[in-house]
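**Q** Predicted structure and sequence below. I'll ask about it afterward.
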Amino acid sequence: MNQSNQKQSQSTNQSKAWYRYPWVWFMIALPASAVVASLFTVYIATENAPTVIVKQNRFQMDKKEGE
C-alpha cells in the first residue's frame, strides 16, 4: 500500500507539459489572431484598390503637344 501511495504522490508532483496548459494557447492565440487579421486586411486592400484618375489641365496638354 505504501508504494502505491508513493507512486500517486510522485505523479501529482510532476508538472504537465507546456502544451497542456490552456493559458499558453490563449497567449499564442492573441498575436496569431492579429497576424491573421492583418493579412486579411492586406488582401482586402489589394483586391479593392481604387483606380487612379489623372485630370489633365490645359498646361499639361499643351506641354505634351509641344514636345
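**A** Cool, the structure landed.

**Q** State the distance from Ala49 to Thr41.
**A** Ala49 is 13 Å from Thr41, where distance means Cβ to Cβ, to the nearest Å. The way it works is simple: take the backbone N, C-alpha and C, and place the C-beta from them, glycine included.

**Q** The chain: helices as residue ranges?
**A** 2-13, 22-47, 58-66 (DSSP state H).

**Q** contacting residues around stretch 53-62?
**A** Outside of stretch 53-62, no residue comes within contact range by Cβ atoms under 8 Å, 6 or more residues apart in numbering.

**Q** CA atoms only: put that stretch into PDB for me.
**A** Taking Å, rounded to 0.1, in the frame of the first residue of the first chain, the C-alpha atoms of stretch 53-62 are listed here in PDB:
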ATOM      1  CA  ILE A  53      -7.900  59.200 -62.100                       C
ATOM      2  CA  VAL A  54      -5.500  61.800 -63.500                       C
ATOM      3  CA  LYS A  55      -7.100  65.000 -64.600                       C
ATOM      4  CA  GLN A  56      -5.100  66.900 -67.200                       C
ATOM      5  CA  ASN A  57      -5.300  70.600 -67.400                       C
ATOM      6  CA  ARG A  58      -4.500  72.800 -70.400                       C
ATOM      7  CA  PHE A  59      -0.900  73.400 -69.400                       C
ATOM      8  CA  GLN A  60      -0.200  69.600 -69.300                       C
ATOM      9  CA  MET A  61      -2.000  69.100 -72.700                       C
ATOM     10  CA  ASP A  62       0.000  71.900 -74.300                       C
END
